[in-house]
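Q: Provided below for reference: sequence and predicted model.
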Amino acid sequence: MLLLAALMCGSASAQVVNKCMGKGGAVHYYSGPCPAGYQHAKTWDATPEQPPTNEELWRRYYQRKQGEADSRYLSGLAGTSSGAVGHRVRADGARSASACDAAKASRESTLAAVGMRRTYELLQQLDDSVREACK
């Protein structure tokens, strides 16, 4: 990458781009003077920019890293980071994880026994009981 940048800016001499109008209004761009039969319309400075210095590249790198760190920190504060996890607090504290697991197992065994004859109401009732047990 650095070699390519060095080759591109090898000669930092003043360069120009000329806009030339041909017959019938055709527009052509040349890095030299307009050829015979073409009307000169406009000239632009086309001197290539110098590549950034090593210090500038490091400054940009650290600035980007600092921005990413700030973004992660603020996302964590806002609760929008991928690592943010919510916790449910039980009001009664009497229900345990085993009651939740038992309700899930009961739902699965009932669905296996019923097979494809399950109804929407049955699914709703089973899901409600699991939801109640897992609060």
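A: Sure thing, it's come through.
Q: was I right about Ala103 contacting Lys135?
A: No - Ala103 lies out of contact with Lys135 (Cβ atoms under 8 Å); the separation is 10.6 Å. Glycine gets a C-beta too; all of them are placed from N, C-alpha and C.
Q: who has more neighbours, the two?
A: Each of Ala103 and Lys135 has its neighbours counted (other Cβ atoms under 10 Å); Ala103 has more, 20 against 11.
Q: Next up, the contacts around that one.
A: Residues near Ala103 by Cβ atoms under 8 Å, 6 or more residues apart in numbering: 129-130, 132-134.
Q: what helix or strand is Asn18 on?
A: strand 16-21 (DSSP states H and E).
Q: neighbouring strands for the following helix or strand past that strand, and are they parallel or not?
A: Downstream of strand 16-21, the next assigned helix or strand under DSSP H and E is strand 27-30. Strand 27-30 has the following sheet partners, assigned by DSSP bridges: strand 16-21 (antiparallel).
Q: Okay, buried residues for the strand it pairs with please.
A: Of all the residues in strand 16-21, those buried under the rule 16 or more other Cβ atoms under 10 Å are 18-20.
Q: chain center to stretch 117-129: distance?
A: Centroid displacement of stretch 117-129 relative to its chain, using Cα atoms, centre = their mean, to the nearest Å, is 40 Å.
Q: Could you pull up the mean pLDDT of it?
A: For stretch 117-129, mean pLDDT rounds to 91.
Q: could you dump it to PDB, C-alpha only?
A: The C-alpha coordinates for stretch 117-129 follow below in PDB (Å, rounded to 0.1, in the frame of the first residue of the first chain):
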ATOM      1  CA  ARG A 117     -53.900 -33.100  16.700                       C
ATOM      2  CA  ARG A 118     -52.900 -30.100  18.800                       C
ATOM      3  CA  THR A 119     -55.100 -27.100  18.700                       C
ATOM      4  CA  TYR A 120     -54.400 -23.400  19.100                       C
ATOM      5  CA  GLU A 121     -56.100 -23.400  22.500                       C
ATOM      6  CA  LEU A 122     -54.000 -26.300  23.800                       C
ATOM      7  CA  LEU A 123     -50.800 -24.600  22.600                       C
ATOM      8  CA  GLN A 124     -51.900 -21.300  24.300                       C
ATOM      9  CA  GLN A 125     -52.800 -23.100  27.600                       C
ATOM     10  CA  LEU A 126     -49.500 -25.000  27.700                       C
ATOM     11  CA  ASP A 127     -47.500 -21.800  26.900                       C
ATOM     12  CA  ASP A 128     -49.400 -19.900  29.600                       C
ATOM     13  CA  SER A 129     -48.600 -22.500  32.200                       C
END
